[in-house]
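K.L.:
return atomic coordinates for the entry below.
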Amino acid sequence: MIFGPLMTAAARPAGPRLAIILGLSALLFLAFAFGLRLVWFGAEAPLPALLENLPDSNTEADQEFFRARLDQAFPAGLAEPDLLDALAAQGFKRASPLARVATYDRRAGLNDKCQHSGNLRWSADATGRVTKLTGGYYQHCPMH
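P.N.:
Residues are numbered from 1 along each chain as shown. This next block holds a predicted model:
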């Protein structure tokens, strides 16, 4: 046979070394992907200032406290674009560009076991100034 002894190392089957290298590469990739997933799950979005340090939303007094916070943050007469910018900066989303409703919703996560949500509704006059702003929030923190 002419071809047998003249085969180079590149032409020979790689054998177990290649299998080990491919296996370790796959294992490293999976470890990296799993670690990235853990970091992603552990990194909850920061809570909007409007929803920080609120009690569980069990009573009407809790909701009144929240509405007072809204009145302080967004006084009557505020330009509607300023309100929209401030809400968007805190993570509130509008259902549609024409709706005067914005909501925020965050489920419980690894670092914060509480579920948080809030919604705001407002009206504006013909000049685009906010005339009334109201809303409510929901916060539930399990006891375990």
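K.L.:
residue 74 is in contact with residue 84, isn't it?
P.N.:
No - contact between residue 74 and residue 84 fails when scored by C-beta atoms under 8 Å: they sit 10.6 Å apart. For glycine as for every other residue, the C-beta is placed from the backbone atoms N, C-alpha and C.
K.L.:
where does residue 64 land in three-state SS?
P.N.:
Three-state call for residue 64 (DSSP: H, G, I helix; E, B strand; the rest coil): helix.
K.L.:
count of residues packed around it?
P.N.:
Neighbours of residue 64 under the rule other C-beta atoms under 10 Å: 10.
K.L.:
report pLDDT for it.
P.N.:
With respect to pLDDT, residue 64 has a value of 94.
K.L.:
where's it relative to residue 55, distance?
P.N.:
Separation of residue 64 from residue 55 (C-beta to C-beta, to the nearest Å): 12 Å.
K.L.:
got it, and residue 125?
P.N.:
Distance, residue 125 to residue 55, using C-beta to C-beta: 34 Å.
K.L.:
same check, this time on residue 16
P.N.:
63 Å.
K.L.:
can you name the secondary structure element that comes next after the helix or strand where residue 82 lies?
P.N.:
Per DSSP states H and E, residue 82 falls inside helix 80-89. Using DSSP H and E, the helix or strand that follows helix 80-89 in sequence is strand 93-94.
K.L.:
pLDDT on stretch 25-41, on average?
P.N.:
68.
K.L.:
err, stretch 93-105, not the other one
P.N.:
Mean pLDDT, computed over stretch 93-105, is 93.
K.L.:
and what of stretch 114-122?
P.N.:
On average, stretch 114-122 scores 93.
K.L.:
in terms of neighbours, single out the busier of residue 16 and residue 55.
P.N.:
Neighbours were counted for residue 16 and for residue 55 using other C-beta under 10 Å; residue 55 has more, 12 against 8.
K.L.:
dump the residue contacts of the closest residue to the more buried one other than its chain neighbours.
P.N.:
Using C-beta to C-beta, 6 or more residues apart in numbering and skipping the chain neighbours, the partner closest in space to residue 55 is residue 62 (5.3 Å). By C-beta atoms under 8 Å, 6 or more residues apart in numbering, the residues touching residue 62 are 54, 55, 56.
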